[in-house]
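Student: Fold the following, please.
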Amino acid sequence: MSRLGVFAALLPTLLAFPAVQAAEPLSGTASVLTNQLSAFTRTRPRGAMDEATVFFRGDAVRIQFRDNTGKAYALVLPAGKAAGWIEDEHGGVLPLPSGRWPLHADPGQPCAGQGLFADCQRMGEGVYAGRNARQWRYRLANPTGPGMTRQGRMWLDEETGFVLGYEGDASAGLGKRWQVRSVRYEPLPDALFERPVPTDPADSR
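Tutor: Numbers count the residues shown, from 1 in each chain. Next comes the predicted model:
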């Protein structure tokens with residue numbers, strides 16, 4: 001049989017195998033305590049922890065919280081964008097210049113891709129927010145660590161690499177803290193990470 005004939009005979013078998021699909025980005029919802037929202041919440045004293053609900057999918061992040069008067073807001077940082085925005089409870093939008101809040105790393109090699117001078121040291125293992133986790137001490141050349149920190153300690157979900165907690169800083173000043181109380185991995189709708197459509201005042205008449 002010719003090579004062409006052999007290929008023709010094998011074609012039905014080859015087509016029976018499903019195509020390899022790219023892995024879905026990590027997504028889910030987490031209940032968090034953090035002191036990184038104080039510029040928006042105006043919580044006192046300075047450095048106090050605020051409650052927030054975090055929606056994440058790949059590099060996209062949506063953080064929902066309330067200020068010290070009870071008004072609801074959402075900080076949205078879509079994937080692949082240079083900027084994000086703040087939404088208020090009425091659909092108003094305020095653009096933000098920064099567009100990243102890293103919340104994922106390789107649980108076995110968290111310094112991978114962080115440059116030649118990045119240093120990560122494994123500190124131990126344990127359970128954090130109900131998940132098996134690994135603790136790492138990290139020092140990076142740039143503030144590209146969890147929550148845009150440069151150095152500190154972090155807990156990573158041993159299975160997924162999701163950042164369950166960190167205490168770090170980007171430069172001199174108040175340290176940044178992040179504590180996940182619970183996390184649920186699940187698919188999320190696109191609408192969570194999309195800019196809201198402005199409402200026409202005429203629609204409310």
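Student: can you pull out the strands in this protein?
Tutor: Along the chain, counting by DSSP state E, strands occupy 27-34, 50-57, 60-66, 72-77, 84-88, 93-96, 119-128, 131-139, 151-157, 163-169, 176-185.
Student: Any chance of TSV for the ones you listed, columns mean pLDDT?
Tutor: Formatted as TSV, those follow (pLDDT from 0 to 100):
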stretch	mean pLDDT
strand 27-34	97
strand 50-57	97
strand 60-66	96
strand 72-77	95
strand 84-88	93
strand 93-96	91
strand 119-128	96
strand 131-139	97
strand 151-157	96
strand 163-169	95
strand 176-185	97
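Student: closest one to residue 108 among those?
Tutor: Closest approach to residue 108 among these (CB to CB): strand 131-139, 8.0 Å. (Glycine included, C-beta is placed from N, CA and C.)
Student: got the angle for the closest one vs strand 151-157?
Tutor: Our comparison of strand 131-139 with strand 151-157, counting by axes from the mean of the first three to the mean of the last three CA atoms, to 10 degrees, yields an angle of 160 degrees.
Student: Could you list the paired strands of strand 131-139 along with their orientation?
Tutor: Its sheet considered, strand 131-139 pairs with strand 119-128 (antiparallel), strand 151-157 (antiparallel) by DSSP bridges.
Student: surely residue 183 meets residue 163?
Tutor: No. Look at residue 183 against residue 163 with CB atoms under 8 Å: they stay out of range, at 10.0 Å.
Student: Which residue of these two possesses the greater neighbour count?
Tutor: Just comparing residue 183 and residue 163: by other CB atoms under 10 Å the higher neighbour count belongs to residue 163, 26 against 22.
Student: so what's that one up against?
Tutor: 102-105, 146-147, 154-157, 178, 180 (CB atoms under 8 Å, 6 or more residues apart in numbering).
Student: Which strand residues bridge it?
Tutor: Beta-bridge pairing for residue 163 (DSSP bridges): residue 156.
Student: Would you mind measuring from it to residue 179?
Tutor: Distance, residue 163 to residue 179, by CB to CB, to the nearest Å: 11 Å.
Student: who touches the nearest residue to residue 137 once chain neighbours are set aside in this structure?
Tutor: Sequence neighbours aside, residue 121 is the residue nearest to residue 137 in space, at 4.7 Å (criterion: CB to CB, 6 or more residues apart in numbering). Applying CB under 8 Å, 6+ apart to residue 121 gives the contacts 136-138.
Student: try 10 Å this time
Tutor: For residue 121, the contacting residues are 111, 135-139, 153, by CB atoms under 10 Å, 6 or more residues apart in numbering.
Student: Out of those residues, the closest to residue 96 would be?
Tutor: Checking these against residue 96 by CB to CB gives residue 138 as the nearest, at 25.1 Å.
Student: For the nearest residue to that closest one once chain neighbours are set aside, list the residues it contacts.
Tutor: Sequence neighbours aside, residue 120 is the residue nearest to residue 138 in space, at 4.8 Å (criterion: CB to CB, 6+ apart). By CB under 10 Å, 6+ apart, residue 120 lies in contact with 105-106, 109-112, 114, 136-140, 145, 154.
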